[in-house]
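Q: The following block contains a protein sequence and its predicted model.
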Amino acid sequence: EMVVDHCKRPLSSSLCAIRPLTPPSQDNLRPEVGVKQRKESQIIGLKNFNNWVKSVLITQFGHPALAANPSRGRGHGKVLDMGCGKGGDLMKWSKARIRELLAVDIADVSVDQARTRWQQMRTARFDASFAALDCYTEPLTKAFTPQQLAQPFDVVSMQFCMHYAFETAQKARCMLKNVSEWLRPGGVFLGTVPNADQLLARLDELPPDSEDLSFGNSVYKIRFEERTSRPLFGHRYYFYLQDAVENVPEYIVDWDNFVQMAAQYGLHPVYKKEFHEVFEENKERDEFKALMVRMGVCDASGASSMEDDEWEAVNIYIAFAFEKRQ
Ligand code: SAM
């Protein structure tokens, strides 16, 4: 019998399509992997599920904001994808029939891959521009011309990447300014981030005398460095996901602090749900049920393709939507 040592497999860069695994600098070092290798991933169920949640979020909150801004025959609405990675959401924007996409990521290799992927799209291609930008320290004007920014966005999307901005207050502010400045009033800001309440509750549950401040299962592991200090910015932990790169630093997003800051940029919360709630809410809705089968989240009989450990790992996240008011 052949024994496959999964732990020694080449690192999968496709993971970035669903989850913040690598600090940006490492992303450039990772090779692109093909669809075949992606399919072999052990956590494919988790990846598919995360993609389904993003689709639900984009459909529920993005589509109405985009539809409010039609333009004859050329699709409707304009989207900014911040932290676009390798362009994992391009098909979702195509299905939303958008007119134009601007996409940025700090990792230039990922940006190139996203652009190539867009160029190779056979169905419903929209106008798109891709640029490398650290959007937590630099303004969008550094990546795009005034002309490209003249028409405001209807939707700004930050999937599995906003929490890196919470390293410092300054980065979080820069990120929020970039989100808000070119978003039209009535436009929406969508995203997915780890659930701080859950991570900290799990930390609190660890035995008081334990020196190892980590928890997780066969799929993921989270490790804190400190038990009691809970700063609003720079509250670091290390995240490991099976199949991916080592432990990478991430930052807690304190929800109330985030909401308070966002309000200063005219952004107000309209939706915040844990992933399992998104699932419960939508699993019986025809449109999203069929999508679950198409995206490989479950088979036609409704049987999930995720192991229990994968299910626990996806439920670390929340999905959110904010509306811009002025
Ligand atoms: N949003 C994509 C998706 O859902 O498939 C990619 C998510 S990936 C897990 C996180 C992304 O955030 C990476 O591509 C990383 O390069 C990007 N990122 C991290 N810090 C960034 C920054 N300061 N500016 C722009 N992008 C950043």
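A: Sure thing, it's come through. Fair warning: this is a prediction, and the values are worked out from it, not measured in the lab.

Q: pLDDT weak spots in the stretch 1-150 of the chain?
A: Within the stretch 1-150 of the chain, the stretches falling below the threshold (pLDDT under 70) are 1-41, 70-73.

Q: out of everything not next to it in sequence, what's closest to W311?
A: Counting by CB to CB, 6 or more residues apart in numbering, the nearest residue to W311 once its immediate chain neighbours are dropped is S304, at 7.5 Å. Every C-beta, even on glycine, is put in place using the N, C-alpha and C of the backbone.

Q: need the residues of the stretch 101-250 of the chain near the ligand, please.
A: For the stretch 101-250 of the chain, the contact set with the ligand under CB under 6 Å from any ligand atom comprises D105, I106, A107, S110, D134, C135, Y136, Q159, F160, C161, Y164.

Q: mind redoing it with 5 Å?
A: Taking CB under 5 Å from any ligand atom as the test, the list of the stretch 101-250 of the chain residues beside the ligand reads D105, I106, A107, D134, C135, Y136, Q159, F160, C161, Y164.

Q: Pull out the buried residues from the residues you listed.
A: Neighbour counting by 16 or more other CB atoms under 10 Å classes D105, I106, A107, C135, Y136, Q159, F160, C161, Y164 among those as buried.

Q: Straight-line length of stretch 187-202, end to end?
A: Separation of the first and last residues of stretch 187-202 by CA to CA, to the nearest Å is 35 Å.

Q: distance between that stretch and the chain's centre?
A: For stretch 187-202, the distance from its own C-alpha centre to the chain's C-alpha centre is 11 Å (CA atoms, centre = their mean, to the nearest Å).

Q: Can you list the buried residues in it?
A: Quick answer for stretch 187-202 (16+ other CB under 10 Å): G187, V188, F189, L190, G191, T192, V193, P194, N195, A196, L199, L200.

Q: what are the ranges of the helices in the stretch 151-300 of the chain?
A: For the stretch 151-300 of the chain, applying DSSP state H, counting those that start in this stretch gives helices covering 169-181, 196-205, 255-263, 275-282, 286-294.

Q: Give me the neighbour count for the residue in the stretch 1-150 of the chain positioned nearest to the ligand.
A: In the stretch 1-150 of the chain, the residue that lies nearest the ligand is G85 (2.7 Å; CB to the nearest ligand atom). Residues contacting G85 under the criterion other CB atoms under 10 Å number 27.

Q: can you list the buried residues of stretch 187-202 in a markdown table and add pLDDT?
A: Converted to a markdown table, the buried residues of stretch 187-202 look like this (pLDDT from 0 to 100):
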| residue | pLDDT |
| --- | --- |
| G187 | 97 |
| V188 | 98 |
| F189 | 98 |
| L190 | 98 |
| G191 | 98 |
| T192 | 98 |
| V193 | 98 |
| P194 | 97 |
| N195 | 97 |
| A196 | 97 |
| L199 | 97 |
| L200 | 97 |
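
Q: Identify the residues contacting the residue nearest to R227 when sequence neighbours are not counted.
A: The shortest distance from R227 to any residue other than its chain neighbours is 6.0 Å, reached at L213 (CB to CB, 6+ apart). Taking CB atoms under 8 Å, 6 or more residues apart in numbering as the contact definition, L213 lies against L203, L206, R223, F224, E225, E226, R227.

Q: any idea which of those residues is closest to the ligand?
A: The ligand has its nearest neighbour among the contacts of L213 in R223, at 18.4 Å by CB to the nearest ligand atom.

Q: can you pull the contacts of the closest one?
A: Under the criterion of CB under 8 Å, 6+ apart, the contact list for R223 reads D212, L213, S214, Y237, Y238, Y240, N247.

Q: For the residue lying closest to V259 once chain neighbours are set aside, give the beta-bridge partners.
A: Distances taken as CB to CB, 6+ apart put P269 closest to V259, at 5.6 Å, once the chain neighbours are dropped. On the basis of DSSP bridges, P269 is bridged to F322.

Q: and P269, what does it touch?
A: V259, A262, F320, A321, F322.

Q: I'd like to know which of the residues you listed are buried.
A: Among these, those classed as buried by 16+ other CB under 10 Å are A262, F320, A321, F322.

Q: Pick out whichever of those residues sits closest to the ligand.
A: Checking those against the ligand with CB to the nearest ligand atom, the nearest one is F320 at 14.1 Å.

Q: Can you verify the closest one is assigned to a strand?
A: Yes - remark: F320 belongs to a strand, assigned using DSSP: H, G, I helix; E, B strand; the rest coil.

Q: ok, it - contacts?
A: L190, G191, T192, V193, P269, Y271, K272, K273.

Q: From what I see, the third one and H163 are in contact.
A: No - under the criterion of CB atoms under 8 Å, T192 lies out of contact with H163, with a separation of 9.5 Å.

Q: tally of neighbours for D299?
A: By other CB under 10 Å, the burial measure for D299, its neighbour count, is 11.

Q: Pull the contacting residues for it.
A: The contact partners of D299, taken as CB under 8 Å, 6+ apart, are V293, S305.

Q: Please repeat the previous calculation with a cut-off of 10 Å.
A: Contacts were defined as CB atoms under 10 Å, 6 or more residues apart in numbering; by that measure D299 touches M292, V293, S305.
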